[in-house]
Each structure stands twice: as structure tokens, then as C-alpha cells.
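Novice: Return a 3D structure for these sequence lines:
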Amino acid sequence: MRCEVIALDGIFDTGLSTVLDVFTTANELIGLFDLGIPPFDVSVVGVRRRVRTAQGLSVPLTIRTAGAPADWVVVPALGFRTPEALEPVLARPDVRAASALLREHANRPNTRIAAACIGTFVLAESGLLTDQNATTTWWLGSLFRQRYPRVRLNESHMIVASGRFVTAGAALSHVDLAMWLVRQVSPELASLVARYLIVDTRPAQSAYVVMDHLAHADPLVERFEHWARDHLGDGFSLDQAARATGTTKRTLARRLHKVLGKSPLSYVQDLRVERAVHLLRTSDRTLDEIASLVGYADSVTLRTLLRRRLGRGVREIREHSPA
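Specialist: Predicted structure coming up:
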């Protein structure tokens, strides 16, 4: 598999190195175990001859030639973590040039494109994600929705494949993306790489989301979040929520969808999951007791919700915590 990794000024150091380390490890294991798989041909390219990472390290780039087209083009994250820092960067000439380069790649029928974390913004700037499913770094989901309303975003997922495009979630989802790409070539090789790098499968970002951070993006959403936390043990009522936040049901629902891409009930379920996970990890309460504390009549509903949202069962949640 031929892979081009696009590097831009300010690239996230860990993201770039993680992608390269996974492919390098895969190539070493192909030879070590005589798997009979062609090695990955990986090059780091860009729209300039040299770029600097977010930590100031210089990255020499391979000069693009008219040779065989890449099977995969990968866009790692940029090292800008807030909307205020990121938005001016997306207007830079080199980012616009990279978006044009991605459109050029997309015109090749056998080339597919992957992006991780804030790299998904660069891909979205190209217009290629329009009407596609995608994920991105969870704390910038609101900005992503505002800039790219025609992209079907679900930032709770770690990896989303849609047509010829694959996107990954926040920061260290770079390793999940690189492992996903290796797995397309050989599940056996991916398993070996995971063992050598001590990498666990993480199906969702949901377990890592800080709900308070998301709610603070909008005053009305923040008021709703405070009210919902105070009433998690009660049955959810949209009428009561609207009255408590000083708005109408329609306005509340519309604002939640615009900022978070969720309905009020879905967001309350997220808060219930967050509280339940905290109680599972920090107390000896039974699942029935926890279900009652977060507003469910029985543990069956909560167990199903935890599995659906986090991709983990109760035992796994009690035994493991996000790094």
C-alpha cells in the first residue's frame, strides 16, 4: 500500500509520529514474521519543501512526483486546540493549497483519504466531506458543525468510514486511524502491531468527553446542562427543562442540535452515562442502585445504554479508565 502523509506548518507532533511509527512497526513485523505482505510505502509530503511542527521541529518533505498515485492520503492534525487559534489557521494559503491537493487526489478513482483530529477540518475545508459521515475531535464538534453544516458529524465515534473517506477523533485517535489502515491490508498484521505497541481498541470517544467543556460553548446549553445535572435522578421532561432555562421547547431543542448535534434527551443520556461511569469506577454501588441515581427504573436500560454509547460492558468500565 502506498501512503502519502500530508504535513503542514504547525502539525501536531504526536499525530505525525504516531502514524509513521505504526507503519514503520508494521513493516518491521512483516519482515520479522515473514508474512508475505508487501511493505507499506509511506512518504511525508506537503505543499512546501519543509515545515515546522507545533513544537518547532523541522520536517523535511518528499518531493511529489508523477509516479503511481497513492492508495491512501492521510491528513494528521494541526496543533491548534481552540476555535480562536484554529479558525485563522484554516484561512492560511498553505491550508487552502492542501485542500486543493486533496481534491486533486480525490479525482483519482483508486485513492482514498483519511484524516484525524483537527486534520478533519482541513479535509472538510476541501468540500470533500459534504454529505458524508464523519467524526472529529470531540471538543471542537460545535465549531465543525457551524463551519460544515452539510457534513453528518458524529464526534462520539473514534473512527468513521464513509465512501472513500475515513475520519478519526481526537488527538491519539491517530493511532486508531493508522491501525485501521493496517487492518485493511491484514488483520493478522494489525493484531501483531497492536501487541508490540500495546494498543487497545477504542471504539468510541464518548468515554473521554468532558461534558462541561461542550456545554460552555453556549449560555443556554450551559443553563440546560446545570439543570439536567441537578435532575438526573428524575424522569426527563422537556417542558420542565424549557421552563427552568427560560426558553421554549423548540428553541431549546434547536440550540442543542446546533451546538452539540444532539436532542435534549440525548444530551441528558450522555450526562447519565457520565455519572454512571463515575459511580461504577469510584463506588461499590450495584448497577441497580446506580441506575436509580441516574434516572432509570432498572439496570437493563442503563447496561444497554453503556454498551451502545461506550462500546464497553459494566465489568470493563469498572476495571479500566481512560488514559
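Novice: got a list of what Ile11 touches?
Specialist: Residues counted as contacts of Ile11 (CB atoms under 8 Å, 6 or more residues apart in numbering) are 51, 53-54, 59, 76-79. All C-beta spots, glycine's among them, are computed from the backbone N, C-alpha and C.
Novice: rerun that using 10 Å as the cut-off
Specialist: Residues near Ile11 by CB atoms under 10 Å, 6 or more residues apart in numbering: 5, 17, 44, 46, 51-55, 57, 59, 75-79, 118-119.
Novice: and it, how far is that from Gly79?
Specialist: In this view, Ile11 and Gly79 are 7 Å apart by CB to CB, to the nearest Å.
Novice: again with Glu225
Specialist: Taking CB to CB, one finds Glu225 at 29 Å from Gly79.
Novice: Please enumerate the strands of the stretch 51-200 of the chain.
Specialist: Counting by DSSP state E, counting those that start in this stretch, the stretch 51-200 of the chain has strands at residues 58-60, 72-75, 112-116, 133-134, 152-153, 159-162, 165-168.
Novice: Could I get the ones you listed in TSV, plus columns for mean pLDDT, mean neighbour count and distance to Ser266?
Specialist: Formatted as TSV, the strands of the stretch 51-200 of the chain follow (pLDDT from 0 to 100; neighbours: other CB atoms under 10 Å; distance: least, CB to CB, whole Å):
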stretch	mean pLDDT	mean neighbour count	distance to Ser266
strand 58-60	92	12	41
strand 72-75	98	26	29
strand 112-116	98	26	25
strand 133-134	96	20	17
strand 152-153	93	19	14
strand 159-162	93	18	18
strand 165-168	97	27	21
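Novice: Compare those and report which one is nearest to Lys258.
Specialist: Proximity to Lys258, assessed across the strands of the stretch 51-200 of the chain by CB to CB, is greatest for strand 152-153 (11.9 Å).
Novice: Pull up the overlap in contacts between Ile11 and Gly79.
Specialist: Common neighbours of Ile11 and Gly79 (CB under 10 Å, 6+ apart) are 53-55, 118.
Novice: In helices only, show me those.
Specialist: Among the shared contacts of Ile11 and Gly79, the subset assigned to helices under DSSP state H is empty.
Novice: Could you identify the most distant pair in these?
Specialist: Most distant of these, by CB to CB, are Gln55 and Ile118, 15.3 Å apart.
Novice: Same drill for the two, tell me which one is more crowded.
Specialist: Ile118 (27 against 11; other CB atoms under 10 Å).
Novice: I figured that one was touching Glu87, is that so?
Specialist: No. Using CB atoms under 10 Å, Ile118 makes no contact with Glu87, being 11.4 Å away.
Novice: count of neighbours near Asp9?
Specialist: Counted with other CB under 10 Å, residues neighbouring Asp9 total 19.
Novice: Let me see the contact set for Val45.
Specialist: Val45 touches 4-7, 61-65, 70, 73, 98, 101, counting by CB under 10 Å, 6+ apart.
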